[in-house]
Structure formats: C-alpha cells, structure tokens
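Colleague: Below: sequence and its predicted model.
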Amino acid sequence: MEGGDHLAHERKKAQFDVEAMKIVWAGSRHAFEVSDRISKLVASDPAFRKDNRPMLSRKELFKNTLRKAAYAWKRIIELRLSEEEASKLRFYVDEPAFTDLHWGMFLPAIKGQGTEEQQQKWLPLAYKMQIIGCYAQTELGHGSNSSKWWPGGLGKISTHAVVYARLITDGQDHGVHGFIVQLRSLDDHSPLPGITVGDIGMKFGNGAYNTMDNGVLRFDHVRIPRDQMLMKVSQVSREGKYSQSNVPRQLVYGTMVFVRQTIVADASCALSRAVCIATRYSAVRRQFGSQNGGPETQVIDYKTQQSRLFPLLASAYAFRFVGEWLKWLYTDVTQRLQANDFSTLPEAHACTAGLKSLTTAATADGIEECRKLCGGHGYLCSSGLPELFAVYVPACTYEGDNTVLLLQVARFLVKTLSQLGSGKQPVGTTAYMGQVEHLMQCHCNVQKAEDWLKPAVILEAFEARSARMSVACAKNLSKFTNPEEGFAELSGDLVEAAIAHCQLIIVSKFIEKLQQDIPGKGVKQQLGVLCNIYALFLLHKHQGDFLSTGCITPKQAYLANEQLRALYSQARPNAIALVDAFNYTDHYLGSILGCYDGNVYPKLYEAAWKDPLNDSVVPDGYREYIWPMLKQQLRTARL
Ligand SMILES: CCCCCCCC/C=C\CCCCCCCCC/C=C/C(=O)SCCNC(=O)CCNC(=O)[C@H](O)C(C)(C)COP(=O)(O)OP(=O)(O)OC[C@H]1O[C@@H](n2cnc3c(N)ncnc32)[C@H](O)[C@@H]1OP(=O)(O)O
Ligand SMILES: Cc1cc2nc3c(=O)[nH]c(=O)nc-3n(C[C@H](O)[C@H](O)[C@H](O)COP(=O)(O)OP(=O)(O)OC[C@H]3O[C@@H](n4cnc5c(N)ncnc54)[C@H](O)[C@@H]3O)c2cc1C
C-alpha cells in the first residue's frame with residue numbers, strides 16, 4: 001500500500017473528540033494554538049533540519065547548533081515572539097544548547113538570588129543576550145574548591161557564569177554562595193586572566209547532548225568584585241562584614257526548585273514522544289497470528305504489547321497533569337516568598353525533588369521500553385528513539401542524582417511525621433499523614449474487580465501504603481542513638497518510602513484533574529481509563545509493598561490485575577487517537593516509525609539509501625583492506 005493514511009482505520013475507532021483532547025493536553029485553547037502555530041513554523045523551516053545530526057562530527061554538530069541558536073534568536077526578534085512563543089520555539093527546535101542554561105538557570109539565579117540593584121544591572125544585559133551566562137555548581141571532585149566540571153554552555157560559549165563557591169571572610173567559612181563571574185572577553189571571547197576554561201569532551205550517543213558544551217573551569221587568583229556576590233540571602237559590606245537577611249539560607253538553592261519543576265513538565269513531553277512513535281508503529285506492524293490466510297496480527301493487539309505500552313501512555317498523561325500542578329505550586333511558593341512567607345518552601349523542595357526523580361527515571365526507562373516495543377527497527381537512528389534516549393537519560397543525573405533527591409524527600413517525610421507528636425497538622429501533599437492512625441489500620445474494601453475503579457478506594461490504598469512505609473522507617477530510625485547513622489543504614493527503605501509518597505502525589509493529582517469540568521465528547525471517560533491504568537499498573541508493579549504492609553490482600557491484588565487487563569481492552573481502540581492528541585509534527589517526532597501517515601516501510605527503505613555509506617557501491621577502504629585480504633585467501637586456497 002503506497003501513500004494515503006495507513007492509520008486511517010485506527011483513527012476511525014476513536015471513541016472521543018481528539019480535538020478537545022488536544023486542548024486538554026496543551027493545558028488551554030490558547031496554549032494549544034501557540035504550540036500548534038510554532039511547531040508548524042519550525043517544521044516548515046529548512047534551517048531547523050535535524051535528521052542529519054547523528055552523521056555529523058562533534059565540531060560540525062556544535063557549529064550547527066550555534067547557527068540554529070543564532071537563527072532562532074533572529075526569528076524571535078523579527079517575529080516579535082512573546083516569551084511563551086519563544087520558549088515553544090526552543091522546544092520544537094529540539095536541540096540542547098547553551099541558551100537553555102542562559103534562559104533556564106543563569107537568568108533565574110539572578111532573579112531569585114540577586115538584590116533589586118543587581119537585577120537592574122544584569123538582567124537587561126542577559127535579556128538582550130549582550131552577555132551569555134551559565135550555572136556553575138558541580139565540581140570535578142568532592143568539595144567546593146577543585147574545578148567546576150559539567151556546567152552546560154560553559155565550555156565554549158558563555159561569557160559569564162553564576163559560580164557557587166565557599167565564601168570565606170576573616171578566615172571564617174560562611175558556606176556556599178552564588179557569584180556572577182565574567183569568564184571571557186566581550187571583545188574577542190578569550191578567557192580573562194587567571195581563568196582556564198574548556199569543553200569536557202564527547203558524551204553518550206551520537207548527536208544527542210553533544211550539541212551542548214559542558215565545560216571545565218578553574219580560577220587562579222581571580223578577583224570577583226564584592227557587588228557580584230548574589231546578595232539577596234546574605235551580604236558582605238565594604239568593610240568585609242558578613243550578615244544575613246531575614247530569609248532562609250535554602251533560597252540559595254531556589255534555582256533548582258524552578259528547574260526541577262520544568263524538568264517534570266519536560267518528562268511528559270519526552271515520554272509522550274516515545275509513546276507516540278511506539279504506538280503508531282505497533283498499529284502498523286503485523287507479525288504472526290494469521291488466521292485462514294488473513295492478515296497477520298497488528299502487534300498492538302498482543303496483550304503483552306499492551307501491558308508494556310499502555311502504562312507508558314497513561315504515565316505520559318499522568319506526568320502532564322502533575323507537571324501542570326507543580327507549575328501552580330511553584331508559582332504559589334514564589335508569590336509567598338515575595339510576601340516573606342517561607343512556610344511552603346520545604347514542601348515545594350520535596351515535591352520538585354521527588355517528582356523530578358520519579359518522572360525522569362520512568363521516562364528514561366520508558367523511552368528504552370518503546371525502543372524494544374518497536375523491535376529491530378527501533379534500534380535504527382531513523383526511528384528517533386536512540387537519540388531521544390541518549391539526550392534524555394542524563395535527566396536522571398543532572399539537577400541532582402535521582403537517589404540523592406529521593407533521600408531529600410525521605411528526610412522531609414520523617415520530619416513531617418516527627419512533628420505530628422507536637423500537634424503540627426501536615427498540609428498539602430502530606431495532609432494524609434494527619435490521618436495516620438486511620439491509615440495504619442484501615443482495610444481495603446475491594447470485593448470485585450470493578451471496585452478498583454473507585455477513586456476513593458485507590459487513594460486510600462496508596463495513602464495507607466505510603467504512610468505505613470514512612471512510619472516503619474521512622475520506627476526503625478528511632479532505634480538508633482545517632483540519627484545520621486540510622487539514616488545511612490536505612491537509606492534503601494527510606495528511598496522506597498519516598499517513591500511511595502511521590503507515586504501517591506501523581507495518582508492523586510490525576511484523580512483531582514478528573515474532578516474538573518473537562519469538555520469534549522468522551523474525553524473525560526478516556527482520561528478516566530488512563531488514570532485507572534496508571535494507578536493499577538503501579539499497584540500491580542509494587543504489589544510487594546501493598547501486600548507486605550497489609551494494605552491489600554492477595555485476592556485484592558489479583559482483582560486489581562484482572563481490572564487492569566479489562567482497562568487495556570478499553571484503551572485499545574483509542575490508542576492512536578490518544579497519541580494524536582499530543583499534536584506532534586513529523587519534524588518534532590523525527591521518526592520514520594512514528595510518522596503520522598503510518599507509511600513506514602517505503603520511508604525506511606528510502607532512508608537507508610540516503611545513508612552516506614550507500615553513496616558508492618564499493619566503500620572507501622575496500623581496496624585498501626578487504627581486497628588484499630580476499631586475494632590472500634584465494635592464494636591460500638589455491639595452495
Ligand atoms: C525570549 C525568551 C527566550 C526563551 C528561550 C527559552 C529557552 C529555554 C528555557 C528554559 C529551559 C529550562 C531548561 C533547563 C535546562 C536544564 C538542563 C540541565 C542542566 C543541569 C544543571 C545542573 O545539574 S545544576 C547542578 C545541580 N546540582 C544538584 O542538584 C545537586 C544535588 N544536591 C542537592 O540538591 C543538595 O541538597 C545541595 C547541594 C543543594 C545542598 O547540599 P547540603 O549542603 O548537603 O545540604 P542538604 O542537607 O542537602 O540540605 C540542607 C537543607 O536545605 C534544604 N534544601 C536542599 N536543597 C533545597 C532546595 N533546592 N530548595 C529548598 N531547600 C533545599 C534541605 O531540605 C535541608 O533542609 P533541612 O532538612 O535542614 O530543613
Ligand atoms: C548532561 C549533564 C548536564 C549537567 N549540567 C550541569 C550544569 O549546567 N551545571 C552544573 O553545575 N552541573 C551540571 N551537571 C552536573 C550534575 O548536576 C551532577 O552530575 C549531579 O548533580 C550528580 O552529581 P555527581 O555527578 O557529583 O554524582 P555523585 O554525587 O558523585 O553520584 C555518584 C553516585 O553516588 C550516589 N550518591 C551520591 N551521594 C549520595 C548520598 N549522599 N547518599 C547515597 N548515595 C549517594 C549517587 O546516587 C550516584 O549513584 C550536569 C550533568 C550532566 C550529566
């Protein structure tokens with residue numbers, strides 16, 4: 001079958017209004033329209049071509065990124081794009097670049113930690129890109145005194161950095177503070193005296209994150225003017241006297257709360273992209289199972305394929321909605337901080353750290369699972385999946401290693417529990433801990449599989465599991481005389497308790513989303529199916545937790561799995577429409593397997609011939625290496 005829409009028959013099966021779902025996915029009609037317009041603008045501009053990335057050398061790749069970044073900036077100015085539109089443009093250009101750190105970390109660090117005066121001086125320069133900044137926190141070795149190593153944009157492009165370093169005055173160490181440091185000349189880009197700076201080398205995968213100049217930085221007697229220390233949280237006077245404002249020291253790390261929140265939103269984008277590719281290809285691909293000479297089975301109809309694919313589809317939607325909520329939480333905490341209310345900062349930190357950890361880990365694993373779901377063709381670069389995995393997987397490490405972040409959540413949970421004794425009522429995402437006595441002894445009321453569809457039943461099971469795991473950790477911790485020793489000894493259990501808490505947040509935010517008014521025929525119903533798939537898939541995967549804490553019985557675990565199978569059957573006819581609702585262009589997907597029309601095989605065949613190796617029939621190197629070898633063998637054979 002040539003041309004046409006090879007997935008048309010699948011699209012006809014949809015039981016809901018896809019256009020309405022597109023708006024739910026985008027967040028609002030306005031957000032949908034902006035996203036739709038900008039994605040088409042990028043897709044139709046040959047300057048943003050990206051299919052050649054895996055073939056380019058590092059130098060060519062990097063220069064190409066610089067060209068694209070400059071061109072994108074030119075278009076942003078020419079078209080007078082708003083910040084929202086510009087950030088969508090960056091998203092659809094789909095290439096990590098120094099600009100991400102400039103806009104995503106350097107500017108927010110100055111906004112969050114600089115005084116009014118400092119903001120007035122530095123922000124206009126940064127907004128007009130008259131200086132380019134990065135965020136230099138991580139060290140090559142341990143401590144805050146060796147060499148900076150990893151900051152994106154640092155290696156080759158940034159003119160400035162926010163550098164985190166220890167502040168020592170009069171021999172007294174005041175801990176880590178942020179400083180704006182000029183690194184390179186604004187005239188000829190050479191490093192300023194005393195500064196050694198360069199790229200740290202090639203990273204995982206071809207193309208992928210190698211478009212970024214992650215860098216190394218060393219200082220040798222570099223003087224930083226006093227007014228370039230970011231002084232919102234603490235100050236040094238002309239006389240060298242150190243003082244602190246009436247704000248928590250933790251604000252020094254505020255940029256991370258912001259970025260982790262954006263990383264959660266980004267997880268739903270990366271996962272939905274992989275799921276879109278794997279779902280479309282699973283509907284196109286037929287393999288075995290032919291009856292009476294009829295067509296073979298579409299692999300999407302195999303229950304095993306569904307049980308691997310549909311939880312990922314549901315996770316993409318779940319991460320979307322929790323990301324939306326986290327954005328709200330971040331906006332709320334920011335407004336409170338401006339009004340000197342710091343009470344919700346620990347919760348915002350725990351939520352952003354924990355959800356960053358959970359969503360990036362599930363997304364990285366999910367992209368790899370999607371590659372496997374596409375069989376051998378998933379391993380081709382033209383499937384789009386190898387590069388997507390390579391570019392995405394460092395999200396499990398940057399902005400805080402995922403395990404380290406879960407330990408931060410665990411500390412927050414243990415602290416919350418310990419404060420119950422003093423009568424402090426937990427609020428927000430830990431409000432359920434206020435019901436700890438009930439949650440420690442409640443019994444799940446599921447008698448038949450459909451009982452698992454009740455939101456209250458699901459919520460109680462997840463709350464009870466999380467509360468019981470945290471309480472068990474707290475009890476075990478109390479047996480240690482040295483709390484830090486206990487924390488280290490029990491860190492494995494603490495991480496599991498943190499995961500249970502974060503999964504509860506995601507499930508409960510999905511359920512809350514469904515309580516809103518959601519217009520469009522069948523849209524809410526499909527989201528209900530996905531929400532239940534997400535929750536019951538987690539319950540099935542972690543049934544050890546639910547059973548060992550006595551939250552559910554083995555029979556109830558069995559019934560949850562039975563219900564899950566029924567939900568997969570309900571999702572099946574809607575699968576293609578549910579990924580169409582992401583509204584991704586073929587340019588953004590960058591995948592032959594995931595192309596909208598499903599015309600996979602001719603495109604794969606054509607693409608193979610475009611590989612540079614096929615430029616000539618006889619490859620370079622044949623005459624030099626293979627021909628002499630063949631001749632040698634022939635001679636030996638004749639002897
Ligand atoms: C015209 C417009 C054009 C627009 C164009 C748009 C362009 C695109 C825009 C945006 C895109 C954005 C994309 C961004 C790209 C991201 C790319 C990734 C780049 C990667 C960057 C990095 O990796 S930066 C380095 C990050 N490093 C880490 O995360 C290290 C992890 N470790 C920690 O977080 C540690 O906690 C820390 C080192 C911060 C401190 O350690 P320690 O001193 O040991 O203290 P600790 O015990 O952990 O904590 C003490 C105390 O503080 C609390 N706390 C810790 N962190 C925070 C926090 N972040 N916020 C609030 N509070 C925090 C902690 O709970 C403890 O509290 P108490 O227990 O004492 O109460
Ligand atoms: C692509 C990429 C881009 C980056 N961009 C930037 C940037 O722009 N700016 C910047 O400053 N940094 C950047 N980083 C650095 C990044 O933030 C760090 O790599 C990250 O925070 C992890 O720290 P680490 O590398 O020191 O790992 P380590 O802390 O050395 O972790 C190694 C292992 O030890 C374990 N571990 C560490 N501490 C503990 C603990 N307390 N308890 C239990 N286990 C522990 C971890 O779980 C992990 O398994 C980037 C990194 C990457 C990969």
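Modeller: Perfect, thanks for sending it. Ligands and ions are numbered 1, 2, ... in the order given.

Colleague: what does stretch 232-245 contact?
Modeller: 112-115, 167, 169-170, 172, 174, 177, 226, 229, 247, 249, 251-252 (C-beta atoms under 8 Å, 6 or more residues apart in numbering). Where C-beta positions appear, they are placed from N, C-alpha and C, glycine not excepted.

Colleague: Quote the end-to-end distance of it.
Modeller: 7 Å (C-alpha to C-alpha, to the nearest Å).

Colleague: quick check: mean pLDDT across that stretch?
Modeller: Throughout stretch 232-245, pLDDT has a mean value of 93.

Colleague: so who does whatever residue of the chain ends up closest to ligand 1 touch?
Modeller: Closest approach of the chain to ligand 1 (C-beta to the nearest ligand atom) occurs at residue 104, with a separation of 2.6 Å. Residue 104 makes contacts with 259, 262, as judged by C-beta under 8 Å, 6+ apart.

Colleague: same check, this time on residue 395
Modeller: 263, 266, 267, 270, 360, 363, 364.

Colleague: So which of those residues are in helices?
Modeller: Counting by DSSP state H, the contacts of residue 395 place 263, 266, 267, 270, 360, 363, 364 in helices.

Colleague: Using CSV, lay out those residues together with distance to ligand 2.
Modeller: Output for the ones in helices among the contacts of residue 395, formatted as CSV (distance: C-beta to the nearest ligand atom, whole Å):
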residue, distance to ligand 2
263, 12
266, 14
267, 15
270, 14
360, 12
363, 15
364, 12
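
Colleague: which SSE is the nearest residue to residue 47 once chain neighbours are set aside in?
Modeller: In space, not counting the residues next to it along the chain, residue 47 is nearest to residue 71; the distance is 5.2 Å by C-beta to C-beta, 6 or more residues apart in numbering. Assigned by DSSP states H and E, residue 71 belongs to helix 58-78.

Colleague: Convert that helix to PDB, retaining C-alpha atoms only.
Modeller: C-alpha atoms of helix 58-78 as PDB (Å, rounded to 0.1, in the frame of the first residue of the first chain):
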ATOM      1  CA  ARG A  58      31.300  16.900  17.100                       C
ATOM      2  CA  LYS A  59      32.700  20.100  15.600                       C
ATOM      3  CA  GLU A  60      30.200  20.200  12.700                       C
ATOM      4  CA  LEU A  61      27.400  19.400  15.200                       C
ATOM      5  CA  PHE A  62      28.400  22.100  17.600                       C
ATOM      6  CA  LYS A  63      28.700  24.800  14.900                       C
ATOM      7  CA  ASN A  64      25.400  23.700  13.500                       C
ATOM      8  CA  THR A  65      23.800  24.300  17.000                       C
ATOM      9  CA  LEU A  66      25.400  27.700  17.200                       C
ATOM     10  CA  ARG A  67      23.900  28.500  13.800                       C
ATOM     11  CA  LYS A  68      20.500  27.300  14.800                       C
ATOM     12  CA  ALA A  69      20.600  29.200  18.100                       C
ATOM     13  CA  ALA A  70      21.500  32.500  16.400                       C
ATOM     14  CA  TYR A  71      18.900  32.000  13.700                       C
ATOM     15  CA  ALA A  72      16.200  31.100  16.300                       C
ATOM     16  CA  TRP A  73      17.100  34.300  18.200                       C
ATOM     17  CA  LYS A  74      16.900  36.300  14.900                       C
ATOM     18  CA  ARG A  75      13.400  34.900  14.200                       C
ATOM     19  CA  ILE A  76      12.300  35.600  17.800                       C
ATOM     20  CA  ILE A  77      13.200  39.200  17.300                       C
ATOM     21  CA  GLU A  78      11.900  39.500  13.700                       C
END
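
Colleague: Just the buried positions in it, please.
Modeller: The neighbour-count check on helix 58-78 (16 or more other C-beta atoms under 10 Å) flags 61, 62, 64, 65, 68, 69, 72, 75, 76 as buried.

Colleague: and the residues you listed near ligand 1, which?
Modeller: The subset of those within reach of ligand 1, by C-beta under 6 Å from any ligand atom, is residue 76.

Colleague: And the next helix or strand past the helix holding residue 71?
Modeller: helix 83-93.

Colleague: ok, residues contacting that next one?
Modeller: 34-35, 38-39, 41-43, 48, 68, 72, 75-76, 79, 81, 99-100, 103, 269, 585, 587-588.

Colleague: now for the helix holding residue 71, which elements pack on it?
Modeller: helix 83-93, helix 98-101 (3 or more C-beta pairs under 8 Å, 6 or more residues apart in numbering; DSSP states H and E).

Colleague: mind listing what's buried in the longest one?
Modeller: Judged by neighbour count (16+ other C-beta under 10 Å), helix 83-93 contains these buried residues: 85, 86, 87, 88, 89, 90, 92, 93.

Colleague: will you turn the residues you listed into CSV that also has distance to ligand 1 and pLDDT?
Modeller: Shown next, in CSV, are those (distance: C-beta to the nearest ligand atom, whole Å; pLDDT from 0 to 100):
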residue, distance to ligand 1, pLDDT
85, 9, 98
86, 4, 98
87, 4, 97
88, 9, 98
89, 7, 98
90, 4, 97
92, 11, 98
93, 10, 98
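
Colleague: is whichever strand or helix holds residue 177 up against ligand 1 anywhere?
Modeller: According to DSSP H and E, residue 177 maps onto strand 172-182. No - residues of strand 172-182 contacting ligand 1 under C-beta under 6 Å from any ligand atom: none, with a closest distance of 6.9 Å.

Colleague: quick one: contacts of that strand?
Modeller: By C-beta under 8 Å, 6+ apart, strand 172-182 touches 109-110, 113-114, 118, 122, 133, 144, 159-168, 192, 222, 224, 228-230, 233-234, 242, 249, 252.

Colleague: and those near ligand 1, which?
Modeller: Of the contacts of strand 172-182, not one also sits near ligand 1 (C-beta under 6 Å from any ligand atom).

Colleague: which among those end up buried?
Modeller: Applying 16+ other C-beta under 10 Å to the contacts of strand 172-182 flags 109-110, 113-114, 118, 122, 133, 144, 159-165, 167, 228-230, 233-234, 252 as buried.

Colleague: Show me these that map onto strands.
Modeller: 133, 160, 161, 162, 163, 164, 165, 167, 234 (DSSP state E).

Colleague: correct me, but the first one touches residue 157?
Modeller: No - when contacts are counted by C-beta atoms under 8 Å, residue 133 is not listed as touching residue 157 (10.0 Å).

Colleague: And for residue 179, the neighbour number?
Modeller: Other residues near residue 179 come to 17 when the count uses other C-beta atoms under 10 Å.

Colleague: May I have the distance across stretch 139-146, first residue to last?
Modeller: OK, stretch 139-146 end separation, C-alpha to C-alpha: 7 Å.

Colleague: can you check stretch 368-385 too?
Modeller: Terminal-residue distance, stretch 368-385 (C-alpha to C-alpha): 8 Å.

Colleague: chain center to that stretch: distance?
Modeller: Relative to the centre of its chain, stretch 368-385 is centred 19 Å away, using C-alpha atoms, centre = their mean, to the nearest Å.

Colleague: picking up where we left off before, top of the ones in helices among the contacts of residue 395 by number of neighbours, please.
Modeller: residue 363 (32 neighbours).

Colleague: circling back to that earlier point, just the angle for the helix or strand just after the strand holding residue 177 relative to strand 172-182, thanks.
Modeller: Sequence order places strand 195-199 as the next helix or strand after strand 172-182, per DSSP H and E. Using axes from the mean of the first three to the mean of the last three C-alpha atoms, to 10 degrees, the direction of strand 195-199 lies 70 degrees away from that of strand 172-182.

Colleague: So which residues on the protein come close to ligand 1?
Modeller: 76, 83, 86-87, 90, 99-100, 103-104, 135, 137-138, 152, 250, 253, 256-257, 259, 262, 345-346, 349, 398-400, 404, 408, 411.

Colleague: For ChimeraX, write the selection for the buried entries among these.
Modeller: To isolate the buried members of those in ChimeraX, using 16+ other C-beta under 10 Å:
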select :76,86,87,90,99,100,103,104,135,137,152,253,256,257,259,262,345,346,349,398,399,400,408
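
Colleague: Show me the residues of the chain next to ligand 1 that map onto helices.
Modeller: 76, 83, 86-87, 90, 99-100, 256-257, 259, 262, 345-346, 349, 404, 408, 411.
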